[in-house]
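Chemist: below is the sequence, then the predicted model.
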Amino acid sequence: MLESKLCQSVATAVNTLYGLQLSSKDISLQKTRKEFEGEFTIAVFPFVRASKKSPEATATEIGQYVKDNLTEVEDFNVIKGFLNFQIAKAYWLTFLNSHQNETDFGFVKAAESEVIMIEYSSPNTNKPLHLGHIRNNLLGWSVTQILKANGKNVVKVNLVNDRGIHICKSMLAWQKWGNGETPLTSGLKGDHLAGKYYVLFNKYYQAEIAELTAKGIEKEIAEKESSLMLAAQEMLRKWEAKDETIILLWETMNAWVYEGFEQTYRRMGIDFDKTYYESSTYLSGKSIVEKGVAEGKLIRKPDQSVWADLTSEGLDEKLLLRSDGTSVYMTQDLGTAFLRHEEYQAQQMIYVVGNEQNYHFDVLKLVLQKLGYNWADTIQHLSYGMVELPAGKMKSREGTVVDADDLMDEMEKTAYDKALELGKIDDFESEEARQLYAVIAMGALKYFILKVDPQKNMLFNPTESIDFNGHTGPFIQYTHARIKSLIKKASADISPISENIEIQSKEIDIIRLLHEYPSVIKIAGENRSPALIANFAFELAKEYNGFYQEITILKEENEVLRNFRLVLSVFTANILKSAMGLLGIDVPERM
RNA sequence: GGUCCCGUAGUUCAACGGAUAGAACGGAAGUUUCCUAAACUUUAAAUACAGGUUCGAUUCCUGUCGGGAUCACCA
């Protein structure tokens, strides 16, 4: 690799010139800023203590050494303490010739047998997916693609939270007020139907609490003694006792929900290799906990509830089984982790879960360690920030949740209106047009979400629809489509580049970006950050658009130059498509 | 209150401890007889505050102020 060669050579230079030992890691190589000559830059300030010379003199000596020893370096210049290298044209041309037609340029061939497991989505079956799930799904999916591009063997798993008190609330409400309504009779998607009853439960529950407090009962007590809540808890106990009626109702409603989820996933372009259901993992969790009690690692209190004492780790006691013997979230997660480890022996188990659960994952790992499972530290919480609305966090109780299906509908409608307005689909068949605006709508939505650093909270304003201009998915899609159109019109075959041509600086800028792609994939994998890929793709598209605007390609009369620019264009289109692919975004052939 | 995260142009996002802090949207001014104007060009505009470490700090450390998350027999 050119970059590591440069660092290595600088390290050798510093060693031979000044006797200072350093590894190539100690050298900060960066891209040369636009306003200076050259492609790569090194700051020599750290070496001046050893050289006992001015930064300028030090940089000049190192530059001369590297120029003499690396054929790739054609020349160098020094500005203050910064050493700028100019790379030989021949190097760039060879690079272009050898990779321009690779569709998997920058990808590492899968060679490793070790498994990385990644969990994402993890929906509850009592309500439909919302904007928060969208970020989760897109992140999980994209990180998977990026890890695969890094040669990893990745297994995508979903964990469906299909049991618990929240599901019972939907079930109870449907039982009481549903009149036998089904997705078929109501015309509602199954997940939306279940969600409707969850909302209904809360409505009546609040009403009951209001009624009780009006009678002078304290709110906290009212919440616990509400007949609806008691009935939901009773239902959960019956469920764990495998009561036939309850199980049947549960299976029926869950089946509706799964059908709805499946549609949403398909539309989002998301899938899984394996789906776990908490209903079949929580028992494993319970038995792990019981085993822990028997071994004296966990505490059973007089009321029969079970706790993990984490005070010596600086945390509190954590409940693992309720006094009535039913399990909690943590119990389920212990069981799921255990089963997964048994099944895959994964080297790493990545959980894509919001940062509101940071504490939960700290506890999960500590409890597993306490129980003696040394694979606890294979668990990594890929903690991502919340999607916030202008008014703050989404609250289902306040009805401010942005529904995933609704949002995708709106995006498509906007894409359609926009395409119509611009006259973009006038000569499209109706089916092709429909596909186009679906692709653009999803491109805009996915890019909007993925361009933000996963760890950071992000803001979504529902009243301003997501843009299609500027730093957006459609901008990159458009750049790709324009190149494709060029290539169609270039009737002659595109051949390897001969070496005697002038390269303009705008062209070098593009080549340098293309050259950087493999290391972007690597760093994005290490950081689990699709945002790095997204920002790279934008930079490349922007750079190409400037080139396209300013430099003639098809109408260039010099055949050799024309060919060179077409090669550059084809390569760029390939990388744009590849990078967007890592984000789960399609790029159209024309738009 | 304890713990954790975050404060960058009007707004939404960038910036392995490196040069004059980059983009996009919005604002102002332009570009189409020419490869797709969902594009391009020019322009105004920002590191919350106070210290410290460093040749060099938006980045690391401490404190202040502001915002968020979490600390459930919820998930």
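Modeler: Noted; the coordinates are in hand.
Chemist: what's near enough to touch the residue of the stretch 101-250 of chain A found nearest RNA strand B?
Modeler: Closest to RNA strand B within the stretch 101-250 of chain A is A:G164: 3.9 Å, counting by C-beta to the nearest atom of the strand. Bear in mind the C-beta positions are built from the backbone N, C-alpha and C, glycine included. Listed by C-beta atoms under 8 Å, 6 or more residues apart in numbering, the contact set of A:G164 reads A:124, A:236, A:278, A:329.
Chemist: the second one contacts A:G325, doesn't it?
Modeler: Spelled out, it's A:L236. No - using C-beta atoms under 8 Å as the test, A:L236 is too far from A:G325 to be in contact (11.1 Å).
Chemist: would you verify that A:D417 is located in a helix?
Modeler: Yes - looking at A:D417 with DSSP: H, G, I helix; E, B strand; the rest coil, it is inside a helix.
Chemist: against A:T326, how distant is it?
Modeler: 51 Å (C-beta to C-beta, to the nearest Å).
Chemist: next one: A:Y277
Modeler: Note on A:Y277: its distance to A:T326, by C-beta to C-beta, is 17 Å.
Chemist: what does the closest residue to A:F45 other than its chain neighbours show for phi and psi?
Modeler: With C-beta to C-beta, 6 or more residues apart in numbering as the criterion, A:F45 has its nearest non-adjacent residue at 4.9 Å, and that residue is A:G81. The phi and psi values for A:G81, taken as degrees, to the nearest 10, are phi -90, psi 20.
Chemist: also the one 4 residues further on?
Modeler: Note on A:F85: its backbone torsions stand at phi -100, psi 140 [degrees, to the nearest 10].
Chemist: show me the contacts for the nearest residue to it once chain neighbours are set aside.
Modeler: Distances taken as C-beta to C-beta, 6+ apart place A:F40 nearest to A:F85, at 4.8 Å, with adjacent residues excluded. Applying C-beta under 8 Å, 6+ apart to A:F40 gives the contacts A:3, A:6, A:29-32, A:84-85, A:87.
Chemist: report the beta-bridge partners for A:F40.
Modeler: Note on A:F40: beta-bridge partners by DSSP bridges are A:K31, A:F85.
Chemist: what's the pLDDT at it?
Modeler: Looking at A:F40, its pLDDT stands at 96.
Chemist: got it, and A:S24?
Modeler: For A:S24, the predicted pLDDT is 67.
Chemist: show me what from the stretch 101-250 of chain A comes close to RNA strand B.
Modeler: Selection of the stretch 101-250 of chain A residues close to RNA strand B by C-beta under 7 Å from any atom of the strand yields A:124, A:161, A:164-166.
Chemist: select only the buried ones of the contacts of A:F40 in ChimeraX?
Modeler: Command for ChimeraX that selects the buried part of the contacts of A:F40, burial taken from 16 or more other C-beta atoms under 10 Å:
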select /A:6,29,32,84,85,87
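Chemist: circling back to that earlier point, so for A:D417 and A:T326, which sits in the more crowded spot?
Modeler: Shown here are A:D417 and A:T326; by other C-beta atoms under 10 Å, A:T326 has more neighbours (18 against 12).
Chemist: in contact with A:V155, which residues are there?
Modeler: Contacts of A:V155 by C-beta under 8 Å, 6+ apart are A:115-118, A:273-274, A:344, A:346.
Chemist: those residues: which two are farthest apart?
Modeler: Largest separation among the contacts of A:V155 by C-beta to C-beta: A:I116 and A:K274, giving 13.6 Å.
Chemist: more crowded one of those two?
Modeler: Each of A:I116 and A:K274 has its neighbours counted (other C-beta under 10 Å); A:I116 has more, 22 against 14.
Chemist: mind checking which helix or strand that one is in?
Modeler: In the assignment (DSSP states H and E), A:I116 maps to strand A:115-119.
Chemist: what average pLDDT does the helix or strand just after that strand get?
Modeler: The helix or strand immediately downstream of strand A:115-119 is helix A:131-149, counting by DSSP H and E. Helix A:131-149 carries an average pLDDT of 96.
Chemist: check stretch A:551-566 too.
Modeler: On average, stretch A:551-566 scores 92.
Chemist: what does it contact?
Modeler: A:486-487, A:489-490, A:492, A:494-495, A:497-498, A:500-504, A:506-507, A:569.
Chemist: which of those are buried? Put it as a ChimeraX command.
Modeler: Here is the ChimeraX command that picks out the buried ones among the contacts of stretch A:551-566, judged by 16+ other C-beta under 10 Å:
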select /A:486,490,494,497,503,507,569
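Chemist: which among the contacts of stretch A:551-566 are in contact with RNA strand B?
Modeler: Residues of these in contact with RNA strand B (C-beta under 7 Å from any atom of the strand): A:486, A:489.
Chemist: excluding sequence neighbours, find me the nearest residue to the residue in the stretch 1-150 of chain A positioned nearest to RNA strand B.
Modeler: Residue nearest to RNA strand B within the stretch 1-150 of chain A: A:S28 (1.8 Å; C-beta to the nearest atom of the strand). In space, and not counting its chain neighbours, A:S28 is closest to A:A43: 6.1 Å by C-beta to C-beta, 6+ apart.
Chemist: tell me how many other residues surround the one you found.
Modeler: By the measure other C-beta under 10 Å, the count of residues near A:A43 is 16.
Chemist: who touches it in this structure?
Modeler: A:28, A:30, A:81-83.
Chemist: hmm, which two among these are most spread apart?
Modeler: A:Q30 and A:G81 (13.0 Å).
Chemist: in chain A, where is pLDDT below threshold?
Modeler: Chain A contains residues with pLDDT under 70 at A:24, A:397-398, A:492.
Chemist: any idea how chain A splits into domains?
Modeler: Chain A breaks down by automatic domain parsing into domains covering A:2-87, A:404-582.
Chemist: take those domains and lay them out in a markdown table including distance to A:E313.
Modeler: Putting these into a markdown table (distance: least, C-beta to C-beta, whole Å) gives the following:
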| stretch | distance to A:E313 |
| --- | --- |
| domain A:2-87 | 34 |
| domain A:404-582 | 24 |
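Chemist: so where does the residue of the stretch 451-591 of chain A found nearest RNA strand B fall, helix or strand?
Modeler: With C-beta to the nearest atom of the strand, the shortest gap between the stretch 451-591 of chain A and RNA strand B falls at A:G470, namely 2.2 Å. Assignment of secondary structure by DSSP H and E places A:G470 within no helix or strand.
Chemist: likewise A:F76?
Modeler: Going by DSSP H and E, A:F76 is in strand A:73-79.
Chemist: ok, and does that strand reach over to RNA strand B?
Modeler: Yes - looking at strand A:73-79 against RNA strand B by C-beta under 7 Å from any atom of the strand, the contacts come from A:I79.
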